[in-house]
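Visitor: Okay, here's the prediction I keep looking at, along with the sequence it came from:
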Amino acid sequence: MEDRIEFLTAVGHITDDKRQEFILLSDTLGVSAMVDLVRHRRPEHGTDSSLLGPFYRNGAPEQPLGASIAGDTPGETVVLRGQVTGAHGRPLADALLDVWQAAPNGKYDIQDEHQTGMNLRGRFRTGVDGRYEFRSVKPKSYPVPDDGPVGVLLRAQGRHPYRPAHIHFIITADGYEPLITALYIAGDSYIESDAVFGAKQSLTVGYHKSRAANGKGERAPDAIEFDFTLAAAAAQPPSQRLRPARTARPAARARQSRRRRHAI
C-alpha cells in the first residue's frame, strides 16, 4: 500500500500546468479508452470518438479555410480536407474544428521551448457546404513522456511508450454533440500497439498522392481526406411543472355545494 501511495504522490509532484501526469497515467492504463468507449458509444452512421489526451490547449487562433497551422515548422506538407455533416448527410455550415498535433520531433508546443506559442494548433469553420480544408505537416509517431512515474510503470510492464502518428480534432456545431476524435496514419508501426489504446480502425487514414503540380513545377502535397459525421444533441426532457389546481366554475361550485347539503 505504501508503494502505491508513494507512486501516486510522485505522479502529483511531477504534474504542473504543462504536464498532466494523472491524465497520462489514466491513458496508459487504458482507463481513458474504456471511459471513452462507455460514454461515447458510436452513434449510427456517426464518427468514432478518440482520446482528448493531455496536451489540448484552449484558445487556438481561428484561421481561414486553407491556412496552415504549421508556421515555420520543418516537415513535409500535408493538406487535410473533407466535410462535416449530420447523421443524415446534411452538410453542417459554420461547424468549428479545433485542431492540434505534435511536431515531427514528437513534441507539442507546450513541451518544446523552441516552438512558438500555439504552434500546430488552429481552429477552422466549415463553409456553407460543410467543407473544411487546412494545411499542416505530416505527423510522426512519438513517445509519451516516460521520464516520470508513468515511464517507470510502462517499463515494469514491459511496454513501449509510443503513440502512432495522429492529428487531434474537437468538432462542434449548434444542435449536435461535440466530437472529440483523432485521425491515425495507416502503416504506422505503432498503430496496433498504441501506448494509450486510442487508435481505431475507423479513424485510420492514408495519404492521397497528388499528381498535380504547383506553380513552381513541384508536385502538390499529399492529402488526407476524411468526412466527419456528428450526432444530434440529445433532446432535453420537457420540464415537469406542477399544474395549478383547476378552480371550479361558479355553477359547478353551486352543484357541488347542493350535493354536500343533500349528503348531510
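Guide: Nice, I can see it. Residues are numbered from 1 along each chain as shown.
Visitor: wouldn't P149 be in contact with V11 here?
Guide: Yes - P149 is in contact with V11 according to Cβ atoms under 8 Å; the separation is 4.9 Å. Heads up, the C-betas are built off the backbone N, CA and C, glycines and all.
Visitor: Look at those two and report which has more neighbours.
Guide: Each of P149 and V11 has its neighbours counted (other Cβ atoms under 10 Å); P149 has more, 22 against 18.
Visitor: how close does that one sit to P143?
Guide: Relative to P143, P149 is positioned 15 Å away (Cβ to Cβ, to the nearest Å).
Visitor: low-scoring stretches of this structure, by residue?
Guide: 40-45, 212-217, 236-264 (pLDDT under 70).
Visitor: what sits in contact with each of P149 and V11?
Guide: In terms of Cβ atoms under 8 Å, 6 or more residues apart in numbering, P149 and V11 are both contacted by the residues E21, L25.
Visitor: What sits closest to R155 if chain neighbours are left out?
Guide: Sequence neighbours aside, D146 is the residue nearest to R155 in space, at 7.7 Å (criterion: Cβ to Cβ, 6 or more residues apart in numbering).
Visitor: which residues touch that neighbour?
Guide: Going by Cβ under 8 Å, 6+ apart, D146 touches L154, R155, P161.
Visitor: Tell me which helix or strand it sits in.
Guide: Assigned by DSSP states H and E, D146 falls within no helix or strand.
Visitor: and it, how far is that from G89?
Guide: D146 is 43 Å from G89, where distance means Cβ to Cβ.
Visitor: still on that earlier bit, so which of the contacts of D146 sit within helices?
Guide: When helices are assigned by DSSP state H, the members of those inside them are L154, R155.
Visitor: Check the contacts of D146 for burial and list the buried ones.
Guide: Neighbour counting by 16 or more other Cβ atoms under 10 Å classes L154, P161 among these as buried.
Visitor: out of the contacts of D146, who's nearest Q115?
Guide: The shortest approach to Q115 among those belongs to P161, at 20.6 Å (Cβ to Cβ).
Visitor: list the helices and strands the helix or strand harbouring V150 packs on?
Guide: Counting by DSSP H and E, the element that carries V150 is helix 149-156. The elements that helix 149-156 packs onto, with contact taken as 3 or more Cβ pairs under 8 Å, 6 or more residues apart in numbering; DSSP states H and E, are helix 2-14, helix 21-28.
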